[in-house]
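Asker: Starting from these lines, generate the structure:
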Amino acid sequence: MSVHLASTLLANLERTEFPESVWGRFAAGRAGTINWYAEVARRLRAAGFAAPIMAELDSVVRELETYRAKD
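Answerer: As a prediction, this is how the structure comes out:
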């Protein structure tokens, strides 16, 4: 579920000229949302979850990280 939601978020960010309209949908805001997905990935890895879907989650988190400092 996290991979799907994070991928959808990323797709929405890539489609808009107004990223704040996307971030505004999240109560945690930009930094909080990015941190949440990064923490999900970290905790799954720490729990020993090593399914192939982790590569996709890691990739999406890396892409979301590029939006951390963008306006």
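
Asker: Does residue 36 touch residue 27 like I think?
Answerer: No: applying CB atoms under 8 Å, one finds residue 36 not in contact with residue 27, separated by 10.6 Å. C-betas here are computed from N, CA, C, even on glycine.

Asker: between these two, who's got more neighbours?
Answerer: Per other CB atoms under 10 Å, whichever of residue 36 and residue 27 has more neighbours is residue 36, with 15 against 7.

Asker: name the element that one belongs to?
Answerer: Under the criterion of DSSP states H and E, residue 36 resides in helix 29-46.

Asker: name the helices or strands packed onto the following helix or strand past that helix?
Answerer: The element immediately downstream of helix 29-46 (helix or strand, assigned by DSSP H and E) is helix 53-65. Helix 53-65 is packed against helix 2-15, helix 29-46, with contacts defined by 3 or more CB pairs under 8 Å, 6 or more residues apart in numbering; DSSP states H and E.

Asker: Buried ones in the shortest one, by neighbour count?
Answerer: Right, the one you point to is helix 2-15. For helix 2-15, a neighbour-count test (16 or more other CB atoms under 10 Å) marks 3, 6-7, 9-10, 13 as buried.

Asker: Report the mean per-residue pLDDT for that helix.
Answerer: Across helix 2-15, the average pLDDT comes to 95.

Asker: could you say what helices and strands that helix packs with?
Answerer: Packing partners of helix 2-15 (3+ CB pairs under 8 Å, 6+ apart): helix 19-23, helix 29-46, helix 53-65.

Asker: which intervals of the protein have sub-threshold pLDDT?
Answerer: By pLDDT under 70, the low-scoring segments of the chain are 71.

Asker: same thing but at 50, please
Answerer: The chain contains no residues with pLDDT under 50.
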